[in-house]
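Q: Below are the sequence and a predicted model for it; my questions follow.
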Amino acid sequence: MWPAGALALAAAVLVAGPAAATGPAGARRGVAPAPDGLTIPRDARQLIVVASPTADPAAPGYLATLRAYARSGPDAAWRPVFGPWPVETGDGHLRRARREGDGATPIGVFGIGGTLYGNAPDPGGLHEPYHRLVCGDWWDEDPASPRYNMFVHVRCGMTPGFAAGSEALWTETVAYPYFAVVRFNVDPIVRGAGAPGSGIFLHSWVGGATAGCVALERVRLLEVLRWLDPSADPVIAIGTDRDLSGIGTGV
C-alpha cells in the first residue's frame, strides 16, 4: 500500500495548475531546484512527480510513488497521465544537499536528457533519439575527471582512467534495459571534492534501493519513455510530500 499523502499531492498539482552533452544526440537545458521550494518552469508541459512522505531512509525506506501529468500550456491545469506507481529511490533515500557516493536521490526539479539509452533493442514508439549500449559505453562518475557526469565511449576492452567508481553501462542489464537521464548537476557540472553527484537516471526496477536513481517496473518505465516528448519540455520533480505541496505554483 502506498502513502495517502501522495494522493493529496496529486490533488495539489491538479488544482495549482544548453549544457554538457549526455550522449550521442546531446542534451536539453537543465532545471535547478529553487532554494526555498520546487518550481515547475512555465514552458514544461510534461511533469513526472516522485514523492515520499519523508526523506528519512529508515522510515519508510527507499520507496516512493511516481505520477505523471501533462498540460496544454503554461496557464492550463495539469491532468493525470500515469500512476500512482511504486518506485525505488536511493539507499540514502532523498536529500537536497547530495554528495557523490552518498546513495541519495536528489530533491529538486530537473530536466530530462535528450537521449534515451538501453541494453535492449530499440523498443519503438520513442520521441527521443535512442542509443543502444555497446561495450565501451560508460558514465563517468569520477569527480576529478574532465568528463565527469557525462556519457563517454572508449574502445571495448580498454579500462579508462575514470573507471573506478564509474558505471560500465553495457554490463548493467538488470537496471538498464532502458533509461532516461535526469539532468542533475548540470549547467554547470560541479566537479572535484564534494561534488553533488552524477549518473542519476530513471531506470528499471532492481528489487531494492538504487545508488540514487529512480527505478520503476520495466513495462511502466517503457510507458513513460514512450510518452516523453522533447517538444513538451518534460521535467521531473523529486521530493517529500511537503516539498511538493505547492508544486505548479509560482510559474
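A: Perfect, thanks for sending it.
Q: where's P41, which helix or strand?
A: Using DSSP states H and E, P41 sits in no helix or strand.
Q: got it, and V219?
A: Using DSSP H and E, V219 maps to helix 218-227.
Q: for that helix, packing partners?
A: Packed against helix 218-227 by the contact rule (3 or more CB pairs under 8 Å, 6 or more residues apart in numbering; DSSP states H and E) you find strand 79-88, strand 179-182, strand 201-204. C-beta here means a position set from N, CA and C on the backbone, and glycine is covered the same way.
Q: Quick one: closest of those to H153.
A: strand 179-182 (15.1 Å; CB to CB).
Q: Report the rounded mean pLDDT for that closest one.
A: Per-region confidence: strand 179-182 scores 98 on mean pLDDT.
Q: what's the answer for stretch 69-88, then?
A: Rounded mean pLDDT across stretch 69-88 is 95.
Q: Next, the buried residues of that stretch.
A: Under the neighbour-count criterion of 16 or more other CB atoms under 10 Å, stretch 69-88 has 69-71, 78, 82-88 buried.
Q: In contact with the residue nearest in space to the middle of the chain: list those residues for me.
A: The chain has V182 as the residue nearest its centroid, 3.3 Å off, counting by CA atoms, centre = their mean. Applying CB atoms under 8 Å, 6 or more residues apart in numbering, we find V182 in contact with 106, 110, 112-113, 200-202, 213-214, 236.
Q: which of these count as buried?
A: Buried among the contacts of V182 by 16+ other CB under 10 Å: 106, 110, 112-113, 200-202, 213-214, 236.
Q: of those, closest to V190?
A: P106 (12.3 Å).
Q: ok, the closest one - contacts?
A: 33, 94-96, 98, 182, 184, 196-197, 200, 212, 238.
Q: List buried residues within the residues you listed.
A: The neighbour count (16+ other CB under 10 Å) marks 33, 94-96, 98, 182, 184, 196-197, 200, 212, 238 as buried among those.
Q: Just the ones of those in helices?
A: Among these, DSSP state H puts none in helices.
Q: Pick out the lowest-pLDDT one from these.
A: Lowest in pLDDT among the buried ones among the contacts of P106 is P33, which has 41.
Q: how many neighbours does P60 have?
A: Neighbour count for P60, taken as other CB atoms under 10 Å: 14.
Q: Next one, pLDDT for it please.
A: At P60, pLDDT is 73.
Q: From what I see, it and S52 are in contact.
A: Yes: using CB atoms under 8 Å, P60 makes contact with S52 at a distance of 7.4 Å.
Q: Name the nearest residue to P80, ignoring sequence neighbours.
A: Nearest in space to P80, with sequence neighbours left out and distances taken as CB to CB, 6 or more residues apart in numbering, is Y69 at 5.8 Å.
Q: who does the closest residue to R218 other than its chain neighbours bridge with?
A: With CB to CB, 6+ apart as the criterion, R218 has its nearest non-adjacent residue at 4.6 Å, and that residue is S204. In this entry, S204 is beta-bridged to L216, by DSSP bridges.
Q: S204 - how many residues pack around it?
A: Neighbours around S204, by other CB under 10 Å: 26.
Q: do the same with R155
A: Around R155 there are 8 residues (other CB under 10 Å).
Q: can I assume it is in contact with V134?
A: No: assessed by CB under 8 Å, R155 is found out of contact with V134, at 11.0 Å.
Q: quick one: the helices in the stretch 1-150 of the chain?
A: Shown for the stretch 1-150 of the chain, the helices assigned by DSSP state H, counting those that start in this stretch span residues 4-15.
Q: just the strands in the stretch 101-250 of the chain please.
A: Along the stretch 101-250 of the chain, the stretches classed as strands by DSSP state E, counting those that start in this stretch are 105-106, 108-118, 130-132, 137-139, 151-153, 167-168, 179-182, 201-204, 214-216, 235-240.
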